[in-house]
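# sequence first, then the predicted structure:
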2 protein chains.
Amino acid sequence: MSKPLRIAVAGLGTVGAGTIRMLADHAELLRQQCGRAVDVVAVSARDRHADRGIDISGARWCDDPLSLAGDTTVDVVVELIGGSDGVALELCRAAIANGKHVVTANKAMLALHGTDLGASADDAGVSLAYEAAVAGGVPIVRALRESLAGNRLHRVYGILNGTGNYILSAMGEQGREFADVLAEAQQLGFAEADPSFDIDGVDAAHKLAILTSVAFACPANFKAVHIEGIREISALDIAYAGELGYRIKLLGIARATLRGIEQRVHPCLVSLDAPIAHVDGVLNAVVAEGDFVDRNMFVGHGAGAGPTASAVVADLVDIARGRLLPAFGIPVSELRELPPSPIAERVGAYYVRLMVVDRPGAIADVTAALRDERISVEAMIQRGRSPEDVVPVVLTTHEAEEAPMCRALAAINRLDQVVEPPRMIRIEDF
Amino acid sequence: MSKPLRIAVAGLGTVGAGTIRMLADHAELLRQQCGRAVDVVAVSARDRHADRGIDISGARWCDDPLSLAGDTTVDVVVELIGGSDGVALELCRAAIANGKHVVTANKAMLALHGTDLGASADDAGVSLAYEAAVAGGVPIVRALRESLAGNRLHRVYGILNGTGNYILSAMGEQGREFADVLAEAQQLGFAEADPSFDIDGVDAAHKLAILTSVAFACPANFKAVHIEGIREISALDIAYAGELGYRIKLLGIARATLRGIEQRVHPCLVSLDAPIAHVDGVLNAVVAEGDFVDRNMFVGHGAGAGPTASAVVADLVDIARGRLLPAFGIPVSELRELPPSPIAERVGAYYVRLMVVDRPGAIADVTAALRDERISVEAMIQRGRSPEDVVPVVLTTHEAEEAPMCRALAAINRLDQVVEPPRMIRIEDF
């Protein structure tokens, strides 16, 4: 039996407390799996006396998390403070510089500074592990770095935000509107008081930038992610999508194109034939497509004390077993910059909903605008007749490039009989 | 750059050829990921001159696969011959005894001899890796041993046979009968000429025995698996199940009970609310449930050259990276025998279809037989009236133990108005 692995946990919120509980509850199991004990020797958080339902009496308390970085009794720093910069980043940098392994769940930090941190970890010969940062309990980082090693990946996509998926699922199941379901989710604790990161796609974009880096062996490039959220999705669109055989999901998608790497987060229409269309509620799912494996899908909880702790502990087990790997599978020095492929170059089908004054020729002008950009209509739904009233008209297109599609939508928006900006949602073909 | 990893491939069927193609196509990628080359130095198969669409001119040809075990130029033997005993087993034993790592896709061999082989590998300090043996391209072995390490698992289940899933999916989508779809699957190459292993559940049971060993840290116990196949499933049952909100899937299920470990392979009714219900066609899916992670589902191709090669290569990458682990996560000497929990002790709900002569009191006798065993009916479907004709009657029960359920079914089978043996399918609650 080797010497215990000595860890320090910085941040004792939901995930920190969950991690400490898991290490305590399963100390024997972990000792068996690792061939050594995994001991929490130090902790740090803002409030020493908060009741977290865990026993931290055996660990040294540090008011200053940064002191953990230099602590010679610590082998691994588990950073669960959060925030892209500030103390979290400073702690990780200092810990790595001092030759300590770092395990973190901090997606914002990794999306912005992961490449630099990974390079430092490579230099120091320590592990920078972050399974918990992407899709929480879904072991997608390990899958990309290990299980799919040797595949040339061409696309990685997924439901990367549980709050957003919960809201869309509830809207669909109950026919309710966004604001209504969001308010309920906030009451239930599924959504933050300030829900912007979740529902505007920023959180998913952080995770996508990390996934892209691992999947395509390039430095993370968060700024290149095209981001749209779900505030504009209406119950009407969800109902029409259902009628056409689709679900609406907020997805993060990274794809290798001839020109570089496409990274985008936005609502999508997904065919009911695709298993990911049926991943509902707070669950996350990630799909990886490679040239030999074809397609793998991984589903699980993207957040929460237990699932996130499970991911943190898996990283600790790797370290305890001595199974280290570079943060992105290969050394950061071997990552290659890949040019961003802008959203204007996306090729795919589109769903468009218009609010149109029902009068003769109203639709002819719309289809003419599409034809002028060489975009062909695949299906159209206009129900009943209601002369001179405003009625919804829904259409789907065949594959088209995004730039001409946007020009067509701008032209349609200028039509007198179109009384609201067209609502466009991309259809993804999985 | 370290020395190349030198591998020998025994068996050049679909998977062997796929593996060699993947290693050749992605030699540079693998060199980058492993920090060393992965070279095929020797191959063995029955027919030296078969056209496999791969270039094996750089590898030494060996007529006798067993000679690879003693070959001092070989670091890893990849066993893709198949068969639970015979040459495959002999080769693996000899390779391990000679200090070589073994990678295999041989589920039958592992289900019967995996524990012994794992013990030998532990003793020899080599890797016995078999990601490809369970659900092909679905990286479930790695998930259980690494991603979910530290969780106490309580249930693992899945669609472990693509042929069976293809047949059930096609029956459901097209309303066709089993024999008809099987014949078509055989023509299309999705089913073997002798389909028994696939459709009678034996192949799934092999995989389940291996999964059980990894998930519950016990020696594989294939003989303890209760096995039923899908020959008896009719289009009528699939249609009724759909009406009740279920799909019929052939699942392998391993569960920790108070008495030990339940292992069973049989058709199940799965609620449409469960994502696994929507995994159709030749896809496989495995769900692992643990105390902290809650639930993870992994979906992908369970067979085929590319996906299976992907799994074999992932194991080779692990070895090339020096990331070894005991075959079952912990040393075989630490696995604990767990008593089998027999199917008669299963507790759950049931679907029952009867063919009944439509006459007054016919159903009363049926419900009385259930009541006599304290089993309560949840729902019943009997459509229309057709006096003195035989009509289907479908019912579902609340949770009951299997032993009294079987007694009730025997009593029902003895009723004059019941003209065929009752068709019972277990309802699984996921």
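That came through, no problem.
# any stretches of chain A with poor pLDDT?
Applying pLDDT under 70 to chain A picks out residues A:1.
# ranges for the helices of it?
Ranges of helices in chain A, per DSSP state H, are A:14-25, A:27-34, A:86-97, A:107-124, A:140-142, A:162-174, A:178-188, A:196-199, A:202-216, A:235-243, A:305-320, A:362-372, A:402-413.
# can you redo these as a markdown table with mean neighbour count and distance to chain B?
Where C-beta positions appear, they are placed from N, C-alpha and C, glycine not excepted. Formatted as a markdown table, the helices of chain A follow (neighbours: other CB atoms under 10 Å in any protein chain shown; distance: least, CB to the nearest CB, whole Å):
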| stretch | mean neighbour count | distance to chain B |
| --- | --- | --- |
| helix A:14-25 | 22 | 5 |
| helix A:27-34 | 18 | 5 |
| helix A:86-97 | 21 | 21 |
| helix A:107-124 | 22 | 12 |
| helix A:140-142 | 28 | 5 |
| helix A:162-174 | 22 | 10 |
| helix A:178-188 | 16 | 17 |
| helix A:196-199 | 20 | 20 |
| helix A:202-216 | 27 | 12 |
| helix A:235-243 | 18 | 15 |
| helix A:305-320 | 26 | 4 |
| helix A:362-372 | 17 | 33 |
| helix A:402-413 | 18 | 30 |
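# closest one to B:Ala121 among those helices?
helix A:27-34 (17.2 Å; CB to CB).
# what is that closest one packed up against?
If you count contacts as 3 or more CB pairs under 8 Å, 6 or more residues apart in numbering or on different chains; DSSP states H and E, helix A:27-34 packs onto strand A:38-44, helix A:305-320.
# which other residues reach the shortest one?
By CB atoms under 8 Å, 6 or more residues apart in numbering or on different chains, the list of residues contacting strand A:38-44 from outside reads A:4-12, A:16, A:20, A:23-24, A:27, A:30-31, A:56, A:58-65, A:67-68, A:71, A:73-74, A:316-317, A:320.
# now that strand: how far from the chain's centre is it?
Relative to its chain's centre, strand A:38-44 lies at 29 Å (CA atoms, centre = their mean, to the nearest Å).
# which parts of that strand are buried?
Across strand A:38-44, burial judged by 16 or more other CB atoms under 10 Å in any protein chain shown covers A:38-44.
# not including adjacent chain positions, what is the nearest residue to A:Ser67?
A:Ser44 (7.6 Å; CB to CB, 6 or more residues apart in numbering or on different chains).
# quick check: bridge partners of that neighbour?
Beta bridges link A:Ser44 to A:Ala10, judged by DSSP bridges.
# what do you get for A:Gly300?
Beta-bridge pairing for A:Gly300 (DSSP bridges): A:Asn284.
# now do the contacts for it.
By CB under 8 Å, 6+ apart, A:Gly300 lies in contact with A:135-139, A:283-285, A:307, B:293-297.
# nearest to B:Glu345 among these?
Closest to B:Glu345, out of all of the contacts of A:Gly300 and judged by CB to CB, is B:Arg295, at 23.7 Å.
# next, count neighbours for the closest residue to the closest one other than its chain neighbours.
Once flanking residues are discounted, B:Arg295 sits nearest to B:Glu289: 5.1 Å by CB to CB, 6+ apart. As a burial measure, B:Glu289 scores 20 neighbours (other CB atoms under 10 Å in any protein chain shown).
# hmm, B:Glu289 is touching B:Arg152, no?
No. With contact defined as CB atoms under 8 Å, B:Glu289 does not reach B:Arg152; the gap is 10.0 Å.
# now do the shared contacts for those two.
With CB under 8 Å, 6+ apart, B:Glu289 and B:Arg152 have no common neighbours.
# quick one on the thing from earlier: look up how far chain B lies from the residue nearest to A:Ser67.
Plainly put, A:Ser44 is 22 Å away from chain B if you go by CB to the nearest CB, to the nearest Å.
# for A:Arg247, same thing?
A:Arg247 is 11 Å from chain B, by CB to the nearest CB.
# residue contacts, that residue?
Counting by CB under 8 Å, 6+ apart, A:Arg247 makes contact with A:172, A:238, A:241, A:269-270, A:272, A:277-278.
# hey, what's it bridged with?
Going by DSSP bridges, A:Arg247 forms beta bridges with A:Val270.
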